[in-house]
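Q: coordinates for the following, if possible.
(one chain, ligands or ions: 1)
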Amino acid sequence: MTHPTGKFPATRMRRLRAATWSRRLVRETTLTTDDLILPLFVVEGTGVRQPIQSLARVERLSIDQVIETAKTARDLGIPALALFPAIETSLKDAEGREAINPKNLLCRAVRALKTAVPEIGIICDVALDPYTTHGHDGLFVDDDVVNDATVEVLVKQAQTLAEAGCDVVAPSDMMDGRIGAIRTMLEAKGFVSTMILSYAVKYASAFYGPFRDAVGSKGALGTKGKHTYQMDAGNVDEALREASLDVEEGADMIMVKPGMPYLDVIAAVKAHVNVPVLAYQVSGEYAMLANAAAAGAFDHVAAFREALVSFRRAGASAVLTYAALDVARALAGK
Ligand code: PBG
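A: Coordinates of the predicted model:
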């Protein structure tokens, strides 16, 4: 008697796919609300919700509205927010000094959130671009961003944010040595529980366009770009070196960014380091999907769920996405 072999028809791959229950049972990778981080843009004022032209469905929010949105996010089960300030032009200067003002917009937002919605985690970018007239992430001297002097300012900015109550400082500036310097400061000042999420692997990308609109750094930057500090799109070995260095310097988590065009990098970094790897579905990626959905190409939430599960397959523990609320609602069946 011959027994069935592993070939058709003994093997029919469709058997496991046929019913919802069995699809659920054998699903290898899932996306849950626990995997989502919601980025928010903060502006001055009260009751303000400003649309952002290149970022459909996303608004700049005044602090009271940030709090309302944070409550919604918390109620949906989103674990954390990432905050970015869009400050008034009059407060910007070449050195980005407003970044280290303990009463600046972002610090006030953090304090208000920690009082009103203490359950939600607060992540704040460490970089000077929302605060500089030239739109660069650091101090701009002789046509380039200077590294070591910038790190000194970033350390002060991180301290200012930690003092305001921020749970996670997230340096997104790509200066060398800033993780170690920030970690040393945090330990020295008693912020032993403040986490560092290092944007260790950040590529010089066209996909940041809408974000620069949102924080008002685009016009200032002109066509120069950030190529002397952000990574070249062709490089993966360099991503692994960056990630290793930042882990050694004291990063608790590593970010890869952008996300979807760099899923291979997420997988490589995940295999290389033993800290959680997060990814950022950046503004341009979001805009591509949201605009195509708005034009009727496909369903908004279905497209985002599929895109976000690809980050999880690649190895990301969590994803920063402007679609976090839409996706969390869908996951909750709302
Ligand atoms: C700035 C910063 C950028 C983003 C996050 N932090 C833009 C940049 O480097 O120019 C991009 C996020 C997005 O595009 O959604 N340090």
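Q: helices of the chain, start to end?
A: With DSSP state H, the ranges of helices along the chain come out as 14-17, 20-26, 63-76, 105-116, 147-164, 178-188, 209-215, 218-221, 237-249, 263-272, 283-294, 300-314, 324-331.
Q: got the residues of this structure near the ligand?
A: Taking CB under 6 Å from any ligand atom, the part of the chain that reaches the ligand is made up of 125, 127, 129, 137, 172-173, 208, 211-212, 226, 282-283. C-betas here are computed from N, CA, C, even on glycine.
Q: which of those sits closest to residue 20?
A: residue 282 (33.1 Å; CB to CB).
Q: burial count for the closest residue to residue 36 other than its chain neighbours?
A: When the adjacent residues along the chain are set aside, residue 36 lies closest to residue 324, with 4.2 Å between them (CB to CB, 6 or more residues apart in numbering). Residue 324: 26 surrounding residues under other CB atoms under 10 Å.
Q: can you check residue 17 too?
A: 11.
Q: what's the answer for the one 10 residues further on, then?
A: When counting by other CB under 10 Å, one arrives at 9 neighbours for residue 27.
Q: tell me the phi and psi of it?
A: phi -60, psi 130 (degrees, to the nearest 10).
Q: in contact with it, which residues?
A: With contacts defined as CB atoms under 8 Å, 6 or more residues apart in numbering, residue 27 has no neighbours.
Q: gap between the closest residue to residue 152 other than its chain neighbours and residue 48?
A: Take residue 152 and drop its neighbours on the chain: the residue closest to it by CB to CB, 6+ apart is residue 181, 7.8 Å away. Using CB to CB, to the nearest Å, we find residue 181 at a distance of 35 Å from residue 48.
Q: for residue 199, same thing?
A: Residue 199 is 28 Å from residue 48, by CB to CB.
Q: these two - which one has more neighbours?
A: Of the pair residue 199 and residue 48, residue 199 is the one with more neighbours under other CB under 10 Å, namely 23 against 15.
Q: let me know the pLDDT of the more buried one.
A: Looking at residue 199, its pLDDT is 98.
Q: go on, the one 3 residues further on?
A: Note for residue 202: predicted pLDDT of 98.
Q: which strand residues bridge it?
A: residue 257 (DSSP bridges).
Q: you'd agree it is up against residue 172?
A: Yes: shown here, residue 202 and residue 172 form a contact pair, counting by CB atoms under 8 Å, at 6.4 Å.
Q: any common contacting residues for the two?
A: Joint contacts of residue 202 and residue 172 (CB under 8 Å, 6+ apart) are 255, 257.
Q: of those two, which one has the most company?
A: Neighbour totals were compared for residue 202 and residue 172, and residue 202 leads with 27 against 20 (other CB under 10 Å).
Q: for residue 205, give its distance to residue 225.
A: Relative to residue 225, and taking CB to CB, residue 205 is found at 9 Å.
Q: right, I mislabeled it, should have said residue 92
A: With CB to CB as the criterion, residue 92 and residue 225 are 19 Å apart.
Q: and residue 237, by the same measure?
A: Counting by CB to CB - residue 237 and residue 225 are separated by 22 Å.
Q: for residue 89, give its distance to residue 39.
A: Distance from residue 89 to residue 39, by CB to CB: 22 Å.
Q: what of residue 30?
A: 22 Å.
Q: the two: who's more crowded?
A: residue 39 (22 against 11).
Q: pull the CA atoms of the helix or strand of the chain with the lowest mean pLDDT into PDB?
A: The least trusted helix or strand in the chain, going by mean pLDDT, DSSP states H and E, turns out to be helix 218-221, with a mean of 72. Coordinates of each C-alpha in helix 218-221 appear next as PDB, following Å, rounded to 0.1, in the frame of the first residue of the first chain:
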ATOM      1  CA  LYS A 218      11.100  72.600   4.800                       C
ATOM      2  CA  GLY A 219      11.400  76.000   3.100                       C
ATOM      3  CA  ALA A 220      14.400  76.800   5.300                       C
ATOM      4  CA  LEU A 221      16.300  73.700   4.300                       C
END
